[in-house]
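S.K.: below: sequence and its predicted model.
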Amino acid sequence: MKTNGNLLERQGFRNAMASIMAILIGMLVGLVILFISNPSNALPGFRAIATGGVKNPKNMGQVLYYATPIIMTGLSVGFAKKTGLFNIGASGQYVMGAFAAVYVGVKFTGLPAGIHCLVAILTAALVGALWGSVPGLLKAYCNINEVIACIMMNYIGMSTANLLVRKFVFDRAKNMSLQPAATAVLPKLGFDKIFVDGGAPSSANAGFVIAAILGVVVWVILEKTKLGFELKACGYNRDAAKYAGINDKKNILLAMVFAGGLSGIGGALYYLSGAGSGIPVLDVLAAEGFNGIPVALLGMSNPIAIIFTGTFMAYLTQGGLSMQSYGFPTQIVDIMSAVIIYFAAFALFFSQLIGKIKLAPKAAAQEKVETDHQELQDQTQQAEDGKGGEGQ
């Protein structure tokens with residue numbers, strides 16, 4: 001047990017160092033891009049992106065606000081990844097969950113505060129889960145690649161959400177959905193008094209707390225329950241899990257249902273924030289769904305780590321907004337963020353590299369021990385043969 005614990009600790013440390021390495025390299029490449037774009041303001045701009053998230057309390061609150069949806073989509077991608085599936089359909093699940101939450105928030109105004117919000121979130125989870133179940137069914141029973149199915153469901157989800165928004169909850173003046181009723185808006189939990197700058201509060205609310213709690217819940221499910229064991233077993237080796245008596249089809253479907261539900265909740269938490277932003281009617285996939293992929297990669301699909309990596313990516317977003325004050329166009333901010341996201345994909349590579357570097361001396365020492373042991377055995381055998389010859 002102690003050996004297993006040490007192995008897990010070493011693996012966790014290695015993963016953390018790999019993610020930090022990916023972030024540092026991404027930041028360094030981003031700094032080079034800033035120098036190429038505007039040498040005179042490169043360092044101040046870089047300082048802005050590095051410190052913008054903590055420049056004032058309001059910015060800190062905005063970091064929590066931006067982190068909420070990508071933590072949820074990151075948990076969605078990471079949960080599926082732990083079970084051997086690549087849920088690239090978080091964007092479609094997210095926007096369908098968002099519509100469900102806004103619809104309940106706009107139409108069910110007779111519900112009391114608190115209950116109204118809870119019903120909206122649960123409805124979003126249900127719709128997201130149903131949207132995720134489609135590629136899950138296709139994968140489990142038809143062996144259709146979940147990546148292809150998820151990509152198609154993203155576009156279907158985008159178009160369906162646009163159609164439903166226009167038909168049921170459309171604000172023509174703003175080309176977006178109507179705002180949910182006040183009873184459906186997430187409580188502020190005092191964040192509007194903590195994260196304030198000059199009397200202007202941030203958009204932070206209970207959504208971040210809910211996302212963090214769900215991150216812990218997902219970790220418990222994966223690491224401490226029989227269901228989590230079966231899901232991961234199917235991910236490691238579907239055939240072996242099936243041979244061991246685990247229902248592989250059921251678990252593949254459940255994995256995508258859970259993943260879709262998490263993304264759907266992410267959409268609900270973002271659009272029930274009371275920040276004044278409705279669901280836009282645009283032919284563009286929801287970026288939050290795709291931003292969950294690097295969040296999961298940086299966190300090595302660990303639910304607890306995803307909470308921190310999601311917050312870090314939101315920190316970069318807020319820092320990028322601060323960097324624009326130094327004359328950098330939004331495209332430079334997007335490029336720099338994209339570079340860091342790109343290097344997030346190398347986190348696994350860095351983890352393996354660190355493992356090889358750390359294990360190399362141990363491997364050499366082990367090899368020396370084995371060699372010495374073999375030589376000792378050979379010498380003992382020779383001595384016994386010599387004694388046998390003398391006796392004859």
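M.R.: Alright, I've got the coordinates.
S.K.: got any ranges where this protein has weak pLDDT?
M.R.: By pLDDT under 70, the weakly predicted segments of the chain are 1-12, 15, 330, 333, 337, 341, 344-345, 347-348, 350-392.
S.K.: how about the strands in this protein?
M.R.: Counting by DSSP state E, the chain has strands at residues 170-171, 176-177, 196-197, 200-201.
S.K.: how close does N87 sit to S76?
M.R.: 6 Å (CB to CB, to the nearest Å). All C-beta atoms are positioned from the backbone trio N, CA, C, and that covers glycine.
S.K.: related to what we said a few turns ago, single out the most deeply packed of the strands of the chain.
M.R.: Of all the strands of the chain, strand 176-177 has the most neighbours on average by mean count of other CB atoms under 10 Å, namely a mean of 22.
S.K.: TSV please, covering the strands of the chain and showing distance to A255.
M.R.: Shown next, in TSV, are these (distance: least, CB to CB, whole Å):
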stretch	distance to A255
strand 170-171	35
strand 176-177	30
strand 196-197	41
strand 200-201	39
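S.K.: wait, which of those is closest to K242?
M.R.: Nearest to K242 among these is strand 176-177 (44.0 Å), distances taken as CB to CB.
S.K.: what's in contact with the closest one?
M.R.: 99, 102, 106, 165, 169-171, 271, 277-281 (CB atoms under 8 Å, 6 or more residues apart in numbering).
S.K.: could you flag which of these are buried?
M.R.: For the contacts of strand 176-177, a neighbour count by 16 or more other CB atoms under 10 Å gives the buried set as 99, 102, 106, 165, 169-170, 271, 278-279, 281.
S.K.: just those now: which is nearest G61?
M.R.: Y271 (17.7 Å).
S.K.: what sits closest to that closest one if chain neighbours are left out?
M.R.: A98 (4.9 Å; CB to CB, 6 or more residues apart in numbering).
S.K.: is that neighbour in contact with L269, as I believe?
M.R.: No: between A98 and L269 there is no contact under CB atoms under 8 Å: 9.3 Å.
S.K.: those two: which has the busier surroundings?
M.R.: A98 (32 against 28; other CB atoms under 10 Å).
S.K.: list the contacts for that one?
M.R.: With CB under 8 Å, 6+ apart, A98 has these contacts: 124, 161, 264, 267-268, 270-271, 279, 286.
S.K.: 6 Å instead?
M.R.: With contact set as CB atoms under 6 Å, 6 or more residues apart in numbering, A98 has these partners: 267, 271, 279.
S.K.: next one: P280
M.R.: P280 makes contact with M176, according to CB under 6 Å, 6+ apart.
S.K.: still on that earlier bit, dump the contacts of A98 to TSV, plus distance to P294.
M.R.: TSV is the format used below for the contacts of A98 (distance: CB to CB, whole Å):
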residue	distance to P294
G267	19
Y271	22
I279	23
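S.K.: quick check: of those residues, which lies closest to T183?
M.R.: Closest to T183, out of all of those and judged by CB to CB, is Y271, at 14.8 Å.
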